[in-house]
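S.K.: Sequence first, predicted coordinates after that:
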Amino acid sequence: MKTSKDLKKFQRKMRSKPTEAEDKFSKRLFEQKINFKQQMILGFFICDFVLPDKMLVIEIDGPVHEEHYIYDKIRTTFIERTGLTVIRLKNEDVEKFDLYQIHRLPNYPEKYFRGALGKGNSLKGKSMLSRKKT
């Protein structure tokens, strides 16, 4: 199991070198003015795209995911148990995906998203729920 230090290191690497499909998808989200976080840590996993106001995680699956389907199923189950919805897209479906489906989803206040994260996702030992906004 990776430590939080290992996850953060890997997260930085993934953010700096996104796949072509992830890069295209992030540009589409940005153009549509959809609030998202890329390569966000949830528990012991790094999610490709997290849309906090929609309580949604979008995973972009390349060819390597065909070999890791059991691991992906575990990830999806874990994420869905936090109250988030998971959408998995194959690389070739990134450009075809109708972003208006996302616009039609209800918006949730930030407190619901932070509540779903719980104490497992903390910064410097403090729960995200107890952090003050600056």
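M.R.: Nice, thanks for sending it over.
S.K.: what does whatever helix or strand F10 lives in contact?
M.R.: Following DSSP states H and E, one finds F10 within helix 4-16. By C-beta atoms under 8 Å, 6 or more residues apart in numbering, the residues outside helix 4-16 that reach it are K2, Q38, Q39, M40, I41, F44, I46. To be clear about C-beta, it is placed using only N, CA and C from the backbone, and glycine gets the same treatment.
S.K.: Show me which of those is closest to L84.
M.R.: M40 (10.8 Å; C-beta to C-beta).
S.K.: Would you enumerate the residues in contact with that closest one?
M.R.: By C-beta under 8 Å, 6+ apart, the contact set of M40 is Q11, I46, C47, F49, V50.
S.K.: try 7 Å this time
M.R.: Contact partners of M40, counting by C-beta atoms under 7 Å, 6 or more residues apart in numbering, are C47, V50.
S.K.: Show the low-confidence segments of this protein, by residue range.
M.R.: When residues are selected by pLDDT under 70, those of the chain lie in 1-3, 64-67, 118-134.
S.K.: buried set for stretch 22-35?
M.R.: E22, F25, S26, L29, I34 (16 or more other C-beta atoms under 10 Å).
S.K.: quick one on the thing from earlier: helix or strand next in line after the helix holding F10, which one?
M.R.: helix 20-31.
S.K.: other SSEs contacting that next one?
M.R.: strand 45-51, strand 56-61 (3 or more C-beta pairs under 7 Å, 6 or more residues apart in numbering; DSSP states H and E).
S.K.: Neighbouring strands - and their directions - for the last one?
M.R.: Looking back up the chat, that one is strand 56-61. strand 45-51 (antiparallel), strand 85-90 (parallel) (DSSP bridges).
S.K.: how much does it deviate in direction from helix 20-31?
M.R.: Compare the direction of strand 56-61 with that of helix 20-31 by axes from the mean of the first three to the mean of the last three C-alpha atoms, to 10 degrees and you get 150 degrees.
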